[in-house]
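Participant: any chance you can model this:
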Amino acid sequence: MPRLFTAIELPEEIREDLGDLEQPLPGVRWIDMDDLHLTLRFAGDIDKRTANEFAGFLAGIDVSAFPMRLSGLGTFGGREPRILWAGVDAGEELERLARANERAARNAGLDPALRTFKPHITLARLKNAQPERLARYLQKHGAFRTEPFYVTHFTLFSSKPNTGGGPYLVEEEFPLFGGGVGDGSLAADVS
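Facilitator: Numbering: from 1, shown residues only. Predicted coordinates for the structure are as follows:
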């Protein structure tokens, strides 16, 4: 059974910007730069028939290409943070894309997503991270911001069955309307 998820791939220069944030910190396990992405919908370990149906519904998604940038850093997990993330600035098109991915999953027979969609890029997993060192890191790098870029497609990825994790394999790419033009860079500002 493949373990599948849909995501937005990040341009190489954006992944390099994120890679520049890596520092040795106790209890922080950084995600490999090549595996950084924005998850739209986690499908999990599913059989091939359901995977094919899911891919079929994904192919029918009609959302326009849109601008996006990464902005800000933070953590999930409250007093015992588990995830270090980069925030995402994008408009309504990102929300529309996430909702369309959710509909595709449900139409393929998958259960509703367990969590509300909160767009972010997971940079590192935290286990027993030292709160004061993490706070200093966030104070120093919390204003992180990338140049805007265009999201021209989204991708169906597979990961290691039953365990997840990278390296991730591209199963199929789905273009967004108007996404075949340009190189993915964007000169205009993203609000």
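
Participant: count of neighbours near residue 87?
Facilitator: Neighbour count for residue 87, taken as other CB atoms under 10 Å: 17. Glycine gets a C-beta too; all of them are placed from N, C-alpha and C.

Participant: my guess is it meets residue 76, correct?
Facilitator: No. Residue 87 sits out of contact with residue 76 when judged by CB atoms under 8 Å, with a separation of 11.5 Å.

Participant: identify the residues contacting the biggest helix by length in the chain?
Facilitator: Using DSSP state H to define each element, the chain has its longest helix at helix 92-107. Residues lying outside helix 92-107 but in contact with it, judged by CB atoms under 8 Å, 6 or more residues apart in numbering, are 6, 40-41, 43, 53-54, 57-58, 60-66, 68, 88, 112-113, 117, 119, 151, 154, 176.

Participant: buried residues in it, which are they?
Facilitator: Buried residues in helix 92-107, counting neighbours by 16 or more other CB atoms under 10 Å, are found at 93, 94, 97, 98, 100, 101, 102, 104, 105.

Participant: after the helix or strand hosting residue 133, next one along is what?
Facilitator: In this assignment (DSSP states H and E), residue 133 forms part of helix 131-141. Going down the chain from helix 131-141, the next helix or strand is strand 149-151, by DSSP H and E.

Participant: show me what that following strand is packed against.
Facilitator: Using 3 or more CB pairs under 8 Å, 6 or more residues apart in numbering; DSSP states H and E, the elements in contact with strand 149-151 are strand 66-76, helix 92-107.

Participant: need the pLDDT of the residue lying farthest from the centre of the chain.
Facilitator: Residue farthest from the centre of the chain, counting by CA atoms, centre = their mean, is residue 132 at 27.3 Å. We have a pLDDT of 91 for residue 132.

Participant: please report how far it lies from residue 25.
Facilitator: Between residue 132 and residue 25 the computed distance is 11 Å (CB to CB, to the nearest Å).

Participant: with adjacent residues omitted, what lies nearest to the most centrally placed residue in the chain?
Facilitator: Among the residues of the chain, the one closest to the centroid is residue 38, at 0.9 Å (CA atoms, centre = their mean). Nearest residue to residue 38, sequence neighbours excluded (CB to CB, 6 or more residues apart in numbering): residue 8, at 4.3 Å.

Participant: give me the mean pLDDT for the helix or strand containing that neighbour.
Facilitator: Per DSSP H and E: residue 8 is located in strand 3-9. For strand 3-9, the mean per-residue pLDDT is 96.

Participant: flag every buried residue along that strand.
Facilitator: Within strand 3-9, the residues that count as buried by 16+ other CB under 10 Å are 3, 4, 5, 6, 7, 8, 9.
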